[in-house]
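S.K.: Here is my input; please provide its structure:
(2 chains)
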Amino acid sequence: MKWFRIIVAALFLLFVQTTVFNNLHVLGFCHPFVYVLFLICLPVMPRWEEQLIGLAMGVTMDCICSSPGIHTAACAAVSWIKPLMLARMVQESERIVGPIVPLNAGVQPFIRLVVLLTLLHHLAVFSLDAWSWSLWYWVLLETVISSVVTIGGGFVYGFLLHRS
Amino acid sequence: MHNLLRLIQKYGNFLLFLAMEVAAFLWMVSEQKLQQSTFLSASNTLTASFNLMLTNTDEYFHLREENAVLAEENARLRGQVNHLQGMVEDSVERDSAYVYSHLRWSYQPARVVDVATNSRHNYLVLNKGARDNVHEGQGVLSHDGVVGIVSAVNLHFAQVIPVIHPKMRLSCRIRRNGQMGFLVWNGPSPRYANLTDIGRHILVEEGDTIETNGLTGLFPEGIPIGVIDRVELPDGDTYYNLRVLLATDFKSLRYVQIVHNPLAAEQDSMRLKQ
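M.R.: Got it, this is the predicted structure:
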């Protein structure tokens, strides 16, 4: 059942990402990647499992977006850092049952986790995509604007998971 | 051996993370080389097939719009046919080379099955490939104007580098005065590009049409590229800063025409000999 829920969540976010957010174009700077919420909200599990799921998600996104390695690198970073951050933010984090939502992890840790990991992921994706220091202002602008939308989506997604 | 196992046990997650980052980096670098070469990757083919399915569904919801566009294009083409028929009839008295130069181009319709317009590395994938006699270096047009150049083909699909790509530098001219320049794109908007190399001594006005100049052999001359939307002449600068509103709306692009010019290779070979 646990794996069924994980697969459904991954497919749902990939579908939303490819059909809605990949086609969103606001001022040329807003490219939210809401699929990262899947990695952020993944239930607590052995770290290597979480990392391999991150790898699979990144490779899938790279194939869809024709952006070889970019999402893979960003997802690898998120799935490695997330358990470390969770352990620092929540006492006995390994005892959390079910997905990381406000009810399970606490409202403040959930918000912090979504904000920090989204910023990290978006910064990694846009930096690797730009591949040039001279575009730093563009990278920062894209990161901030896109992260705001993704974080907003994160709260909605957390609420949906909480309800389900 | 025991120490190695302990090391892996202790830092296994970090080593896995490092291995994943290295693999991602290698993938990134190798694919960038592939992009420079002219082959589509297997992932692109898979994605194109997936996008073909999505596009088919999407198209169903746009049939009314498409019909209107096709009807409009039919009318325009009919007008062109009439015009060309008139030219052919008149050609008895005229230089046959003039008529041939206008009739040598042929167009192959294709459908856009994948398009990326939101990044710096924009591209299009068309549902025509080597099997349909499409090859790299061919021009691509929409009913509004220039789209880009075929950069890679496999059996069933072709990848197009559009004019909204940083590596694209398209030779063009201002229709009103024939002044040559280059169309370049530095982002971020897919609706605008820049016209460079137009000196300050030339009179340029907003609303001037930019069109192909026919020098490359990729496009016939006179195909619209866009209109000058903003004219800036910084103090002390030799060249204008010209922003061009592109004729082609890449966000709503569904059908294109691949340009065939049987004389392109011949023209190219002469350029190399100089």
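S.K.: Where does the stretch 101-250 of chain B get nearest to chain A, residue-wise?
M.R.: Of all residues in the stretch 101-250 of chain B, the one sitting closest to chain A is B:P188 (2.8 Å; C-beta to the nearest C-beta). Any C-beta I mention is one placed from the backbone N, CA and C, and that applies to glycine too.
S.K.: pretty sure A:W138 contacts B:P188?
M.R.: Yes. Using C-beta atoms under 8 Å, A:W138 is in contact with B:P188, at 7.3 Å.
S.K.: Now list whatever residues contact both of the two.
M.R.: Counting by C-beta atoms under 8 Å, 6 or more residues apart in numbering or on different chains, the shared contacts of A:W138 and B:P188 are A:F29.
S.K.: the strands in the stretch 101-250 of chain B, which residues?
M.R.: In the stretch 101-250 of chain B, the segments counted as strands under DSSP state E, counting those that start in this stretch are B:106-116, B:123-126, B:139-141, B:146-153, B:158-162, B:169-174, B:180-184, B:192-196, B:209-212, B:224-232, B:241-246.
S.K.: Format those strands as JSON lines; extra columns: mean pLDDT and distance to B:L263.
M.R.: Listed next are the strands of the stretch 101-250 of chain B as JSON lines, based on pLDDT from 0 to 100; distance: least, C-beta to C-beta, whole Å:
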{"stretch": "strand B:106-116", "mean pLDDT": "85", "distance to B:L263": "12"}
{"stretch": "strand B:123-126", "mean pLDDT": "90", "distance to B:L263": "23"}
{"stretch": "strand B:139-141", "mean pLDDT": "92", "distance to B:L263": "13"}
{"stretch": "strand B:146-153", "mean pLDDT": "93", "distance to B:L263": "17"}
{"stretch": "strand B:158-162", "mean pLDDT": "92", "distance to B:L263": "21"}
{"stretch": "strand B:169-174", "mean pLDDT": "91", "distance to B:L263": "17"}
{"stretch": "strand B:180-184", "mean pLDDT": "92", "distance to B:L263": "21"}
{"stretch": "strand B:192-196", "mean pLDDT": "92", "distance to B:L263": "27"}
{"stretch": "strand B:209-212", "mean pLDDT": "92", "distance to B:L263": "16"}
{"stretch": "strand B:224-232", "mean pLDDT": "92", "distance to B:L263": "22"}
{"stretch": "strand B:241-246", "mean pLDDT": "93", "distance to B:L263": "27"}
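S.K.: Could you dump the ones you listed into TSV with distance to B:L15 added?
M.R.: Shown next, in TSV, are the strands of the stretch 101-250 of chain B (distance: least, C-beta to C-beta, whole Å):
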stretch	distance to B:L15
strand B:106-116	34
strand B:123-126	35
strand B:139-141	47
strand B:146-153	36
strand B:158-162	37
strand B:169-174	45
strand B:180-184	45
strand B:192-196	46
strand B:209-212	55
strand B:224-232	52
strand B:241-246	49
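S.K.: Contact residues of chain A facing chain B?
M.R.: Neighbours of chain B within chain A, by C-beta under 8 Å from any C-beta of the partner chain: A:18-19, A:22, A:24-25, A:27-29, A:31, A:47-48, A:51, A:54-55, A:58, A:62-70, A:72-73, A:76-77, A:80, A:128-130, A:138.
S.K.: if we can go back for a sec, what's around the residue of the stretch 101-250 of chain B closest to chain A, how many residues?
M.R.: Neighbour count for B:P188, taken as other C-beta atoms under 10 Å in any protein chain shown: 17.
S.K.: which residue of chain A sits farthest from its center?
M.R.: If you look at how far each residue of chain A sits from its centre, by C-alpha atoms, centre = their mean, the farthest one is A:S134, at 26.3 Å.
S.K.: which residue sits closest to A:E94, ignoring its sequence neighbours?
M.R.: When the adjacent residues along the chain are set aside, A:E94 lies closest to A:V44, with 5.9 Å between them (C-beta to C-beta, 6 or more residues apart in numbering or on different chains).
S.K.: for A:G106, same thing?
M.R.: Excluding its sequence neighbours, the residue lying closest to A:G106 (C-beta to C-beta, 6+ apart) is A:V90, at 6.4 Å.
S.K.: circling back: list the contacts of the residue nearest to A:E94.
M.R.: A:P83, A:L86, A:S93, A:E94, A:R95, A:I96, A:V97, A:I100.
S.K.: In PyMOL, how would I select the buried members of these?
M.R.: Remark: buried members of those, expressed as a PyMOL selection using 16 or more other C-beta atoms under 10 Å in any protein chain shown:
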select buried, chain A and resi 83+86+93+96+100
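S.K.: hmm, which two among the contacts of A:V44 are most spread apart?
M.R.: Spatial extent of the contacts of A:V44 (C-beta to C-beta) is set by the pair A:P83 and A:V97 at 15.3 Å.
S.K.: if we can go back for a sec, from chain B, how far off is the residue nearest to A:G106?
M.R.: Going from A:V90 to chain B by C-beta to the nearest C-beta, to the nearest Å gives 19 Å.
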